[in-house]
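S.K.: okay, predicted coordinates and the sequence, questions at the end:
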Amino acid sequence: MNAAMNAGLGLMLTELRLPTIKRLAPDLCAQSDREGWPGKRLLEALFEHEMNEREVRRIERHRSESALSPDKRLSSFEFAAVPSVSKAQVMALSIGHEWLERGANVLLFGPPGVGKTHLICGLGHALIDAGRRVLFMRCSELVQRLQAARRDLRLAAELAKLDRFDLLILDDLSYVRRDQAETSVLFELIAERYERKSIAITANTPFSQWGEVFVDAAMTVAAVDRLVHHSTILEMNVESYRRRVAQAAQSPAKRAKAATTTATP
Ligand code: ADP
Ligand code: MG
């Protein structure tokens, strides 16, 4: 291709906003001229590159909007540390997305430090890799945001905004307290997404203590009922991973001393 044609093509591709084709066109056109490709092959090669890079850019956008911790991946999660959680079951959730179509939920329970946040972030990343949209939020922040929306009479619009996410991860439900005014907004979110859009919740208290979070007993029952109806429940009742790692790093002598101290009634 001569320089004038190249410049003309460059201008057209700028107008069309096809950045990958614009970048690769000179080289691919030269290769096509050299090797005598049919026009169809050249076009296919150009559009294939454009589409692949668009997909990569889309996934990057979804990852940055998700607010997931970048380093909490399934690949760095040590499943052996949590025998009560089946790796196969988690991997199945990360590969088959039929549960997202049904708006099914994932609930993770366990004391602090056992890897609830890490595991659910890992699942979130895997879903983003597969082209899904995920949003991670601390549950207390979400409640604040929805309460502000309700005050400004735009709760419905705020809930609708969250609809574009296939999975909404609400971390640490147990830290939401009644003194965050009234938390019926959380119930409204759960009711609104029921059987349509998935929610994942981590909590370090069992359902029996969720009365602390919702306005009254009836609302607690109604919320738990909807969340549990279609859900995978992962119980992570092990010792804190953080503590175990810290103990492993201690010298054997210190470890022995710690064990004696803990054993003393
Ligand atoms: P939780 O949300 O249950 O309080 P986190 O997910 O925050 O626990 O885990 C605490 C720390 O320990 C994090 O740095 C996390 O990456 C790490 N961690 C916990 N469990 C595991 C695990 N099974 N494999 C690898 N890292 C883990
Ligand atoms: Mg956590």
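M.R.: Structure's in. What do you need? Ligands and ions are numbered 1, 2, ... in the order given.
S.K.: find the closest residue to ligand 1 in the stretch 51-200 of the chain.
M.R.: Gly115 (2.6 Å; Cβ to the nearest ligand atom). For the C-beta atoms, the positions are set from N, CA and C on the backbone; glycine is no exception.
S.K.: I'd assumed Ala80 was in contact with that residue.
M.R.: No: counting by Cβ atoms under 8 Å, Gly115 stays clear of Ala80, with 11.5 Å between them.
S.K.: ok, the two, which is more surrounded?
M.R.: Comparing Gly115 with Ala80 by other Cβ atoms under 10 Å, the one with more neighbours is Gly115, at 24 against 7.
S.K.: report the contact partners of the more buried one.
M.R.: By Cβ atoms under 8 Å, 6 or more residues apart in numbering, the residues touching Gly115 are 77, 81-82, 236, 241.
S.K.: same question, Trp210
M.R.: Trp210 neighbours (Cβ under 8 Å, 6+ apart): 173, 203, 220, 223-224.
S.K.: which of the three states applies to it?
M.R.: Counting by DSSP: H, G, I helix; E, B strand; the rest coil, the backbone at Trp210 sits in helix.
S.K.: helices of the protein, start to end?
M.R.: With DSSP state H applied, the chain shows helices at 3-15, 19-35, 39-66, 87-95, 98-101, 116-129, 139-151, 155-162, 184-193, 217-229, 241-249, 252-263, listed in chain order.
S.K.: on that earlier part again, report the buried members of the contacts of Gly115.
M.R.: With neighbours counted using 16 or more other Cβ atoms under 10 Å, the contacts of Gly115 contain these buried positions: 77, 82, 236, 241.
S.K.: what subset of the contacts of Trp210 is buried?
M.R.: By 16+ other Cβ under 10 Å, those give 173, 203, 220, 223-224 as buried.
S.K.: from these, which shows the smallest pLDDT?
M.R.: Lowest in pLDDT among the buried ones among the contacts of Trp210 is Thr220, which has 89.
S.K.: burial check on the closest residue to that residue other than its chain neighbours, number of neighbours?
M.R.: Of all residues not flanking Thr220 in the chain, Phe214 sits nearest, at 4.3 Å (Cβ to Cβ, 6 or more residues apart in numbering). As a burial measure, Phe214 scores 22 neighbours (other Cβ under 10 Å).
S.K.: make 3 the first number, not 1, from now on.
M.R.: Yep, numbering from 3; the last one is Phe216 now.
S.K.: circling back to that earlier point, and the buried ones among the contacts of Trp212 as CSV, adding distance to Leu155?
M.R.: Output for these, formatted as CSV (distance: Cβ to Cβ, whole Å):
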residue, distance to Leu155
Leu175, 26
Ala205, 30
Thr222, 26
Ala225, 23
Val226, 29
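S.K.: which one among those residues gets closest to Ala158?
M.R.: Ala225 (18.8 Å; Cβ to Cβ).
S.K.: tell me how far the closest one lies from ligand 1.
M.R.: According to Cβ to the nearest ligand atom, to the nearest Å, Ala225 stands 21 Å off from ligand 1.
S.K.: likewise Thr16?
M.R.: To ligand 1, Thr16 is 44 Å away according to Cβ to the nearest ligand atom.
S.K.: now do the same for that residue: its pLDDT.
M.R.: Looking at Thr16, its pLDDT is 79.
S.K.: for it, what are its contacts?
M.R.: Thr16 makes contact with Lys24, according to Cβ under 8 Å, 6+ apart.
S.K.: quick check: residues of the stretch 3-152 of the chain near ligand 1?
M.R.: By the rule Cβ under 6 Å from any ligand atom, the part of the stretch 3-152 of the chain lying against ligand 1 is 74, 78-80, 83-84, 112, 114-120.
S.K.: from those, which two are the most distant?
M.R.: Greatest spacing in these, by Cβ to Cβ: Ser78 and Pro114 (19.3 Å).
S.K.: these two: which has the busier surroundings?
M.R.: Comparing Ser78 with Pro114 by neighbour count (other Cβ under 10 Å), the higher total belongs to Pro114, at 12 against 9.
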